[in-house]
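In: Fold the following.
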Amino acid sequence: MRDVQNEPDFRNIPIHKVGIKNLRYPITVRDRRDGYQHTVATIDMFVDLPHDYKGTHMSRFVEMLHVLKPEVSLKKFALILESMKTYLSAASAHLEMSFPYFIEKKAPISLATGLMDYCCRIVGSSDAAGKVDLMLEVVVPITSVCPCSKEISDFGAHNQRGEVRLGLRFKKFIWLEDIIELVEASASSEVYSVLKRVDEKCVTERAYSNPKFVEDIVRDVAQRLMTDDNIIWFSVSAENFESIHNHSAYAHVISG
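Out: Numbers count the residues shown, from 1 in each chain. Below is the predicted model of the structure:
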């Protein structure tokens, strides 16, 4: 059969990224408590395409995943990127995996147990020289109480649910749980999936005694990361879905 994509192209225009998007595929993620966790990722895979090639082999992306059985680890991610370059005769490769990660959490007083899910993403690339760049991102739901509202109000203070988006580059392996706990410790309170009345009282009072602006949250996260020698770069943003405004409050810090 005629292989059209292998035919030459004469427009002399190289393509920086060509491949597949939004592929759902089962993956294995390292789990601090249980060793490994099985989840489902949405995957984007791209390679570069020289100016004289008409197209890439789209089916090979999926075939390669089936052979490698993806595990989300630093070593395996680098292996997949190099395999993409080899399998598709490319100079560079780019890979993104977005997946839910589940942590079992106990309520603070009743110890009622439930699963919290966190949106995670790993972005990796390998250039023509074989240099691999990896970035891990986690989105963590949090609760915040407004310090200004607490200061000026005779009764209570307005509070809201928000989310912190933290991206990291690092030298060696880091547990997802460690990143999530660092973020939760920087909020007015962490969020739970199951709370009894005694827990609601505890969480509400804890948050009230620990008011935070979005500016406080991103600065507290940044301060903790700046003391960690394993972290070489970070980007942290906080968005509060305001309870008394028709807009969100937002702050963002990127390391130098």
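
In: any idea of the pLDDT on the residue lying closest to Val194 once chain neighbours are set aside?
Out: Take Val194 and drop its neighbours on the chain: the residue closest to it by Cβ to Cβ, 6 or more residues apart in numbering is Gly114, 3.5 Å away. Placement of C-beta: from N, CA and C, glycine included. Note on Gly114: pLDDT of 97.

In: Now name the helix or strand holding the residue most central in space within the chain.
Out: Geometric centre of the chain, nearest residue: Glu137, 2.5 Å, by Cα atoms, centre = their mean. With elements taken from DSSP states H and E, the one containing Glu137 is strand 132-145.

In: picking up where we left off before, now the residue nearest to the centre of the chain: how far from Phe46?
Out: Taking Cβ to Cβ, to the nearest Å as the measure, Glu137 falls 18 Å from Phe46.

In: What is the least confident helix or strand in the protein?
Out: strand 71-72 (a mean of 66; mean pLDDT, DSSP states H and E).

In: what's the longest strand in this structure?
Out: strand 15-31 (DSSP state E).

In: which strands and helices sit next to the following helix or strand past that strand?
Out: Sequence order places strand 35-49 as the next helix or strand after strand 15-31, per DSSP H and E. With contacts taken as 3 or more Cβ pairs under 8 Å, 6 or more residues apart in numbering; DSSP states H and E, strand 35-49 sits against strand 15-31, helix 58-68, helix 74-87, strand 93-106.

In: nearest to Pro141, of those?
Out: Taking Cβ to Cβ, strand 93-106 is the member of these nearest to Pro141, at 11.6 Å.

In: what's the angle from the closest one to helix 74-87?
Out: Orientation of strand 93-106 against helix 74-87 (axes from the mean of the first three to the mean of the last three Cα atoms, to 10 degrees) gives an angle of 150 degrees.

In: Which elements pack onto strand 93-106?
Out: Going by 3+ Cβ pairs under 8 Å, 6+ apart, strand 93-106 lies up against strand 15-31, strand 35-49, helix 74-87, strand 113-126, helix 176-184.

In: if we can go back for a sec, quick check: bridge partners of the residue nearest to Val194?
Out: Residues in a beta bridge with Gly114, per DSSP bridges, are Lys105.

In: neighbours of it, just the number please.
Out: For Gly114, the count of nearby residues is 13 (other Cβ atoms under 10 Å).

In: wait, isn't it in contact with Lys196?
Out: No: contact status for Gly114 versus Lys196: not in contact, 11.0 Å apart, counting by Cβ atoms under 8 Å.

In: which residues do these two both contact?
Out: Residues touching both Gly114 and Lys196 by Cβ atoms under 8 Å, 6 or more residues apart in numbering: Ala107.

In: List the strands paired with the longest strand of the chain, with their directions.
Out: Neighbouring strands of strand 15-31 in its sheet, by DSSP bridges, are strand 35-49 (antiparallel), strand 71-72 (parallel).
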